[in-house]
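Undergrad: Got a sequence here, can you model it:
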Amino acid sequence: AFDVRLAWTPVLGATSYRLELPGPLGTEVILGGITEPESWWNDPRLKRLDGIIHLAALVKHSRRNTDIVYQTNVAGTLNMFELAARTGARLIHMSTSGVVGCFTDAGSRADEEAPYCGDRIGTWPYYDSKMKAEREILQRAQDEGVSVVIFRAPVLLGPDDHRLHSCRHILKAMKRRLPFVVQGGIHFVDIRDVAEAMVRSLEMKAPRPIYHLSGTACGINDFFRMVEEISGVPGPPFTLPFTPAWMIARLLEGRGLVPDPVTIEMASHHWGLASLYAKDDLGFESRDGYSGTGRRFFFF
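TA: Sure, this is the predicted structure:
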């Protein structure tokens, strides 16, 4: 276990990350993008790879300008699979619970054997791209004998969210800038618990191809009551049904004033995940998102 610090630095005129790691680990950094691997994946240092933890993805919830979403999340993942195949490394891929665990009711759960829910997520580019990436690498892994482990997790929350993406709505609520939420559910898990499970999968001789890392599933109002209790800041004042929220989003689409219609559509659903194997195989336990276990969830 070690602490990773991330900082911004320009690379080839673009914005990228610089990893700042403690010296004793002897970590080497190779800069490059997953959609343009030709510039870096022949680096001789990569021949020593035992495992690849592929975490990169573009989270964009809109039906406008989706080419970059599929290029990053599908083609980029296939590039990482190709690197694993070329080096004999195990590929650990972070997917999402939404490829199987999206429901119209609050009580449903999907385990590792559940089918894809393409009928519900097929018009949401992010989830559709993650589903397509999964299907591709699972089939190729079977055909080519490459070791692949896919992790499906819900919303990842926890400390050191350097991009402030997953906790964006929490921060807005705390600043009293979230006037309403949409009736629906949320499912979240602590990033620290997820990270431990992923590292353990690298050490196993024969891990399963898919693991679910379930956390706390609740209604959106219950979620913001947790935030309110922990932060002391009152939650969003209004909860809107799907139809009026979606109509407002469609009317103001593209102006940056309200969430995209895709976001409203997703928010009106419930996200249920169950696991058959993660605890026994990986020792995975999700800390309580509210209270009672002594492992209080750290939102911010």
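Undergrad: can you give me the strands in the stretch 1-150 of the chain?
TA: For the stretch 1-150 of the chain, the strands defined by DSSP state E, counting those that start in this stretch cover 5-11, 14-20, 51-54, 90-94, 102-103, 148-152.
Undergrad: strand partners of the shortest one, parallel vs antiparallel please.
TA: Read that as strand 102-103. Strand 102-103 pairs in its sheet with strand 270-271 (antiparallel), by DSSP bridges.
Undergrad: Now do the partner strand: everything it contacts.
TA: Identification of contacts with strand 270-271 by CB atoms under 8 Å, 6 or more residues apart in numbering yields 97-98, 101-106, 108, 154, 184-187, 217. Bear in mind the C-beta positions are built from the backbone N, C-alpha and C, glycine included.
Undergrad: just these now: which is nearest Q71?
TA: Closest approach to Q71 among the contacts of strand 270-271 (CB to CB): G98, at 19.5 Å.
Undergrad: which residues touch that closest one?
TA: G98 is in contact with I121, W124, Y127, K130, M266, W271, counting by CB under 8 Å, 6+ apart.
Undergrad: Of those residues, which belong to helices?
TA: Counting by DSSP state H, the part of the contacts of G98 found in helices is I121, Y127, K130, M266.
Undergrad: and the first one, how many neighbours does it have?
TA: Read it as I121. Using other CB atoms under 10 Å, I121 is surrounded by 24 other residues.
Undergrad: who's in contact with the residue nearest to V146 when sequence neighbours are not counted?
TA: Leaving aside its sequence neighbours, V146 sits nearest to A85 (CB to CB, 6 or more residues apart in numbering; 5.0 Å). Residues counted as contacts of A85 (CB under 8 Å, 6+ apart) are R140, E144, V146.
Undergrad: Can you tell me how far A85 is from F188?
TA: Distance from A85 to F188, counting by CB to CB, to the nearest Å: 33 Å.
Undergrad: same check, this time on M94
TA: Look at M94 and F188: by CB to CB, they are 15 Å apart.
Undergrad: Those two: which is more packed in?
TA: Using other CB under 10 Å as the criterion, M94 and F188 rank with F188 on top: 24 against 19.
Undergrad: quick revisit: now, of the contacts of A85, which are buried?
TA: The neighbour count (16 or more other CB atoms under 10 Å) marks R140, V146 as buried among the contacts of A85.
Undergrad: Filter the contacts of A85 down to just the ones in helices.
TA: The members of those that map onto helices under DSSP H are R140, E144.
Undergrad: The residue lying closest to Y70 once chain neighbours are set aside - how many residues pack around it?
TA: Once flanking residues are discounted, Y70 sits nearest to S129: 5.0 Å by CB to CB, 6+ apart. For S129, the neighbour count with other CB under 10 Å is 26.
Undergrad: Over to the one 10 residues further on?
TA: Here the neighbour count serves as a burial measure; for Q139 (other CB under 10 Å) it reads 10.
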